[in-house]
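J.: Would you be able to build a 3D model of this:
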Amino acid sequence: MMPTVTVTLPGIAEEIGPRRPGAIYQNVDGRFEVLVLVTDPREAAQLLRRTGARWAVIVRDTLRPDGQPHAVGSAWTTSDYLLREGTPAYAPAA
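T.: Purely as a prediction, here's the structure:
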């Protein structure tokens, strides 16, 4: 009998990482300011043109003078690093 292997997929928060609106992060592809975090799977799928999308981040490359906002759906990895924190994920209740 073959052993059963359980694989735990990363949660959405781990995939998104610290990318919140206002955050700036850098990787080999550029330096990006996060404009919008989309957590509605239907909207994310439409933005990324990928049916399995669970989330999307709309970013602008700050190293390009003509950098236009675009959606990305790549998970946060060790090659990404945060330069400036964005707004908190949840605002405290008043």
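
J.: wait, what's in contact with the most centrally placed residue in the chain?
T.: The centroid of the chain falls nearest to residue 16 when counting by Cα atoms, centre = their mean (3.9 Å). Residue 16 makes contact with 37, 55, 57, 75, 76 under the criterion Cβ atoms under 8 Å, 6 or more residues apart in numbering. Backbone N, C-alpha and C define where each C-beta goes, glycine included.

J.: was I right about residue 19 contacting residue 57?
T.: Yes - with contact defined as Cβ atoms under 8 Å, residue 19 counts as touching residue 57 (5.1 Å).

J.: Please, where are all the helices along the chain?
T.: 12-16, 41-48 (DSSP state H).

J.: Deepest in the core, which of those is it.
T.: Each of the helices of the chain was scored by mean neighbour count; the highest is helix 41-48, a mean of 16, by mean count of other Cβ atoms under 10 Å.

J.: Can you tell me what sits against that helix?
T.: 38, 51, 52, 53, 54, 55, 56, 58, 71, 72, 73.

J.: same thing but 6 Å
T.: Here helix 41-48 makes contact (Cβ atoms under 6 Å, 6 or more residues apart in numbering) with 38, 51, 53, 54, 55, 56, 71, 73.

J.: Contact partners for residue 32?
T.: 25, 59, 61.

J.: low-confidence ranges in the chain?
T.: 1, 6-9, 89-94 (pLDDT under 70).

J.: can you tell me which strand in it is longest?
T.: strand 30-38 (DSSP state E).

J.: List the buried residues in it.
T.: Within strand 30-38, the residues that count as buried by 16 or more other Cβ atoms under 10 Å are 31, 32, 33, 34, 35, 37, 38.

J.: and which of those is nearest to residue 11?
T.: Set against residue 11, the nearest of these by Cβ to Cβ is residue 37 (14.7 Å).

J.: Identify the bridge partners of the closest one.
T.: Judged by DSSP bridges, the bridge partners of residue 37 are residue 57.

J.: how near is it to residue 17?
T.: Separation of residue 37 from residue 17 (Cβ to Cβ, to the nearest Å) stands at 11 Å.
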